[in-house]
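# show me the folded form of this:
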Amino acid sequence: ETAVGMSQSAISHQLRYLRQLNLVRFRKEGRHVYYALDDDHVRELFAQGLLHVEHG
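This next block holds a predicted model:
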């Protein structure tokens, strides 16, 4: 289990789904894969969600 409380396979499944929706982009470096948000609208929603959580 990871820091987010999900198995690595569950996280991989979710990331694959987000890639199919073109919401994240990825790059591979050796055995590592790095993900980033690939949609400005989603990026803004995510930032607003973080602000909401921080100000609780």
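# tell me how far the longest helix seen in the chain is from the chain's mean position?
For the chain, the helix that runs over the most residues, judged by DSSP state H, is helix 40-54. Counting by CA atoms, centre = their mean, to the nearest Å, helix 40-54 is centred 12 Å from the centre of its parent chain.
# quick check: mean pLDDT of that helix?
Here helix 40-54 scores 92 as its mean pLDDT.
# give me the number of residues near the residue nearest to Leu37 when sequence neighbours are not counted?
Once flanking residues are discounted, Leu37 sits nearest to Arg43: 4.6 Å by CB to CB, 6 or more residues apart in numbering. Just so you know, the C-beta spots here come from the backbone N, C-alpha and C atoms, and that holds for glycine as well. The burial count assigned to Arg43 is 13, neighbours taken as other CB atoms under 10 Å.
# and the gap between Arg43 and Leu50?
11 Å (CB to CB, to the nearest Å).
# how about Ser9?
26 Å.
# over to Val33?
Distance, Val33 to Leu50, using CB to CB: 23 Å.
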